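> Mind looking at a prediction? Sequence and model below.
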Amino acid sequence: MAGEKNVGLVLLDFWVSPFGQRCRIALAEKGLPYEYVEENIMAVKSDRLLRSNPVYKHIPVLLHDGRTITESLIILQHLDQVFPDTRPLLPADPYERAHARFWADYVDKKVYGSGSKMYTEPQMQTNIEMVDILKTLERELGEKEFFGGEHGFGFVDVALIPFTAWFESFDRYSFKKKSFDRYWGVKVAEVAPKLVSWAARCQERESVSNSLYSPEKVYDFAGMMRKDFGIE
């Protein structure tokens, strides 16, 4: 619904950002129209972005009636709170809410934290960390259709699904680049097959399929980033 007559919502974003994609998925799930503003963060950051997020100076930023909300998980919770008549991302039960917040935080600290090393660490590393992360997430998913369980597609699903487009980059760098083979060495489908099935179910949702880019485009972007960091 980007570009339709909005309800005072403007999203400053970057096309391949998994954090921005979270916001796009959430807005789509809630049926909220908004204005999308692409920020060329690989070049010079705009004055609008720097004014809107002077502390971290990064996307995504949600402008709601001119007021600024930053950090993707905070934006998701804000949307739940200020648009209570839309589809909720967090469950109503306080314990279940806390549980969902824990796992979304785990995604930020572990999946993103480990994955981002591919841009900054050319040296050969063990793959144990990422394998453990994926298996931990798969154990939490268990036999559920989505991480939200009875709540359905929700907060943790939205937090994690944008990173699945990067799994292809992990795999292809693992097996096509010798240095990366010993750094990742992770075939996601073999390590966590239930996560792969979960990702396929998520992709059946229009909110997800319209918000994510193909693994091939992400792979090309990842290669560009590695070259920028002098790793290629």
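On my side now, so go ahead.
> Please, where are all the helices along this structure?
18-30, 47-52, 72-82, 94-106, 113-115, 128-141, 155-160, 164-176, 178-183, 188-191, 193-203, 206-209, 215-228 (DSSP state H).
> which residues touch stretch 60-74?
8-14, 17, 19-20, 22-23, 49, 52-53, 55-56, 75, 78-79, 82, 101, 104-105, 108, 159 (CB atoms under 8 Å, 6 or more residues apart in numbering). C-betas here are computed from N, CA, C, even on glycine.
> Correction: the previous question concerned stretch 95-104.
Residues outside stretch 95-104 that contact it (CB under 8 Å, 6+ apart) are 73, 90-91, 137, 140, 147-149, 151, 154-156, 159-160.
> Quick check: the gap between A199 and V131.
Going from A199 to V131 by CB to CB, to the nearest Å gives 17 Å.
> Can I get the helices of the chain in TSV including distance to L62 and mean pLDDT?
What follows is the helices of the chain, written out as TSV (distance: least, CB to CB, whole Å; pLDDT from 0 to 100):
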stretch	distance to L62	mean pLDDT
helix 18-30	6	97
helix 47-52	9	96
helix 72-82	5	98
helix 94-106	17	98
helix 113-115	23	75
helix 128-141	26	90
helix 155-160	14	98
helix 164-176	22	55
helix 178-183	35	30
helix 188-191	30	82
helix 193-203	22	92
helix 206-209	16	97
helix 215-228	23	67
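> most packed of the ones you listed?
Mean neighbour count (mean count of other CB atoms under 10 Å) peaks for helix 155-160 among the helices of the chain, with a mean of 27.
> So which elements touch that helix?
Helix 155-160 is packed against helix 18-30, helix 72-82, helix 94-106, with contacts defined by 3 or more CB pairs under 8 Å, 6 or more residues apart in numbering; DSSP states H and E.
> from the chain's centre, how far out does the second one sit?
Shown here is helix 72-82, whose average C-alpha point lies 15 Å from the average C-alpha point of the whole chain (CA atoms, centre = their mean, to the nearest Å).
> quick one, that helix and helix 18-30 angle?
Relative orientation of helix 72-82 versus helix 18-30 (axes from the mean of the first three to the mean of the last three CA atoms, to 10 degrees): 20 degrees.
> Over to the last one?
Angle, helix 94-106 to helix 18-30, by the same axes, to 10 degrees: 150 degrees.
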